[in-house]
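*Asks:* model the following, please.
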Amino acid sequence: MNRFLSGLAALAVSATISLPVHAQTQPASAQAPTKTLKIQTSWPASSQAYDQMQAFGKRLEVVTGGRIKMEALPGGQIVPPFEVLDATHKKVIDGAHTWPGYWVGRNKAAILFTGGPAGPWGMDHIDFMSWMWHGGGFDMMQKFYRETLKMNVISIPMHTQSPQALGWFKKKIDNVQDFKGMRCRETGIAQEVFNEMGMRTVNMPGGEIMPAAERGVIDCAEWVGGIDDLKFGFHTIWKWHYAPSLHEPVSIGELMINLDVWNGFAPADQELIKAGIEKDFSMGYGNINGFRASVCSSFRWFNLVQNESTPLLIFPFCFMDANAYYAQKQTAQQAFTELMQFYHSVKKVNGMMITIWHNNFLAGEKIFQPWKNVYELFLKEEVYWDS
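*Replies:* Residues are numbered from 1 along each chain as shown. Alright, predicted model coming up:
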C-alpha cells in the first residue's frame, strides 16, 4: 500500500502517538550511560497495544541515541495486568503501558484521563489531546496520580484504540432488554452503566477473556474491536458482533513511569519521552473543508521564537463530516462529490489524505444514513480498489 493510501482512513484523526525517528542525537562519545527500562504492559503479547509498546521502545532508543532502551513485557510477566500501577509506584517495574480507566475502582475521576465518560457527547480525539497538552489536562493528570491516588509516578497519554466496538455476543441483540442477565466482560466506568442495563458484568484482563469464553464463564465480551478482536479469536466463539459503540468513542492509554526513575533522566531525554511522542492531527478548518496551508503531507512544527524545527509532527486533515453537514449545508451527494475532488488531488501528489468522521454520522440514525452511505461507498468503491 502506498503512502497515500496508508494515510487515508476514517477516523485517522485518532491522535495516534509515536516517537519521531529523525530527532537529533548526541555523538556516542557524549552519551550518558545506557538505561534499560522494564515496562510491563496490561496487554497480552498477541494484542496490538503490545505491538505499539514494542515499536515505541525501538523508536525511543533511536531518538535518544541509545541512551534509553526499553524492554516491553506482556501483561503478567512480572505482576498481574491490573497491578502495574502499584508495581510502578513501588519500583517493582520501571513503568507500565496501561489504561487509566482501570483505576476507576480507586477513584472514578480516573476515567477523565482516558478521553472522558461522556460518550459521543463528550470530547473527541482532537479535543482530548488539545486539552491534555494545551488546556491543563496533563498537569491535572499528574496531580490526580500523586495527590489523589498517592502514587509516585508520572503518566503520559500514549496510544489510542478507539472508537471501540460494543462487543461480541452469543445471541442477537435487538433491544436493551436482550442485555439482561448476560454475563459479559466489561471494564472502566462503562461497566457500571452496563450493570444498570441488567448485565452481569465481570472485569478481567484481555488475556483472560478467551479462556473464560471457551469455558462458558461469560456470554459476551468487549475488548477493542477490529483486528485486535480477530487476533484474540472472539469470532470463533461468538457470532454476533456490534460496532461502533457509545461507551468508548475515545479511549487513550498511558505510559506510566516511576517518578524516581523519571527524575533520573536528563531533561532533554524527559522531553523526548514526553513531548516527543506527540503527533498533532488537529490542523484543518472547523467550518469548511479544504487544505489548510495548502498541504496534504505531514511536517515538523517550526518554533519561530527558537528558530528551530520541533519534534511535533503535524498531520493536516482536509475533510470533516460535520463541516459539510452543519457549516456548508451540503447534501450527502454534494459532500461525496467534494470528497472525491480532495481524493484525486491528494492522490495526484502522493500525499496523505486524512478525514474525520463522527460516531453519530456512522451509527445508523435515519437522519445520518445518507452520510454513512457516503463513508461506506468512499471506502468500498474507491479506496479498496486503489489498495
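
*Asks:* residue 137: neighbouring residues, count only.
*Replies:* For residue 137, the tally of surrounding residues (other Cβ atoms under 10 Å) stands at 17. Heads up, the C-betas are built off the backbone N, CA and C, glycines and all.

*Asks:* wait, what's in contact with it?
*Replies:* 113, 128, 131 (Cβ atoms under 8 Å, 6 or more residues apart in numbering).

*Asks:* please flag which of those sit within helices.
*Replies:* Counting by DSSP state H, these place 128, 131 in helices.

*Asks:* now stretch 174-190, how far from the centre of its chain.
*Replies:* Relative to its parent chain, stretch 174-190 has a centroid offset of 23 Å by Cα atoms, centre = their mean, to the nearest Å.

*Asks:* what about it, start to end distance?
*Replies:* End-to-end distance for stretch 174-190: 20 Å, by Cα to Cα, to the nearest Å.

*Asks:* assign a three-state SS to residue 101, would you?
*Replies:* For residue 101, the assignment made with DSSP: H, G, I helix; E, B strand; the rest coil gives helix.

*Asks:* quick one: contacts for it?
*Replies:* 110-111, 114, 187-189, 251.

*Asks:* show the pLDDT at it.
*Replies:* You'll see residue 101 listed with a pLDDT of 89.

*Asks:* where does residue 96 land in three-state SS?
*Replies:* Residue 96 is classified as strand under three-state DSSP.

*Asks:* surely it is in contact with residue 39?
*Replies:* Yes: Residue 96 is within contact range of residue 39, at 6.4 Å (criterion: Cβ atoms under 8 Å).

*Asks:* tell me which of those two has more neighbours.
*Replies:* residue 96 (32 against 25).

*Asks:* secondary structure element holding the closest residue to the more buried one other than its chain neighbours?
*Replies:* Take residue 96 and drop its neighbours on the chain: the residue closest to it by Cβ to Cβ, 6 or more residues apart in numbering is residue 84, 3.6 Å away. Per DSSP states H and E: residue 84 is located in helix 84-89.

*Asks:* contacts for that helix next, please.
*Replies:* Outside helix 84-89, the residues that touch it by Cβ under 8 Å, 6+ apart are 40-42, 75, 78-79, 92-96, 98, 102-103, 149, 151-153, 256-258.

*Asks:* about what we covered before: who touches both of residue 96 and residue 39?
*Replies:* Counting by Cβ under 8 Å, 6+ apart, the residues touching both residue 96 and residue 39 are residue 255.

*Asks:* distance of residue 80 from residue 102?
*Replies:* Per Cβ to Cβ, to the nearest Å, residue 80 is found 11 Å from residue 102.

*Asks:* which one's more surrounded, the two?
*Replies:* When residue 80 and residue 102 are compared for neighbours, residue 102 comes out ahead with 22 against 14, by other Cβ under 10 Å.

*Asks:* surely that one meets residue 204?
*Replies:* No: proximity of residue 102 to residue 204 does not meet the contact threshold set by Cβ under 8 Å, at 11.2 Å.

*Asks:* where does the prediction get shaky in the stretch 51-200 of the chain?
*Replies:* Residues of the stretch 51-200 of the chain meeting the criterion pLDDT under 70: 117-121.

*Asks:* show me where it has strands.
*Replies:* Ranges of strands in the stretch 51-200 of the chain, per DSSP state E, counting those that start in this stretch, are 68-73, 95-98, 153-160, 167-169, 183-185, 200-202.

*Asks:* give me the buried positions along the last one.
*Replies:* Burial within strand 200-202, assessed by neighbour count using 16 or more other Cβ atoms under 10 Å, is assigned to 201-202.

*Asks:* what is that strand packed up against?
*Replies:* If you count contacts as 3 or more Cβ pairs under 8 Å, 6 or more residues apart in numbering; DSSP states H and E, strand 200-202 packs onto strand 183-185, helix 190-196.

*Asks:* just the pLDDT for the residue lying closest to residue 364 once chain neighbours are set aside.
*Replies:* Sequence neighbours aside, residue 372 is the residue nearest to residue 364 in space, at 6.5 Å (criterion: Cβ to Cβ, 6+ apart). pLDDT, residue 372: 91.

*Asks:* surely residue 372 meets residue 362?
*Replies:* Yes: with contacts defined as Cβ under 8 Å, residue 372 counts as touching residue 362 at a distance of 5.2 Å.

*Asks:* quick one: which of these two has more around it?
*Replies:* More crowded of residue 372 and residue 362, by other Cβ under 10 Å: residue 362, with 20 against 17.

*Asks:* list the contacts of that one.
*Replies:* 10, 244, 368, 371-372, 375.

*Asks:* need these in TSV (columns: distance to residue 140 and secondary structure).
*Replies:* Shown next, in TSV, are those (distance: Cβ to Cβ, whole Å; DSSP: H, G, I helix; E, B strand; the rest coil):
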residue	distance to residue 140	secondary structure
10	31	coil
244	28	coil
368	34	helix
371	35	helix
372	36	helix
375	35	helix
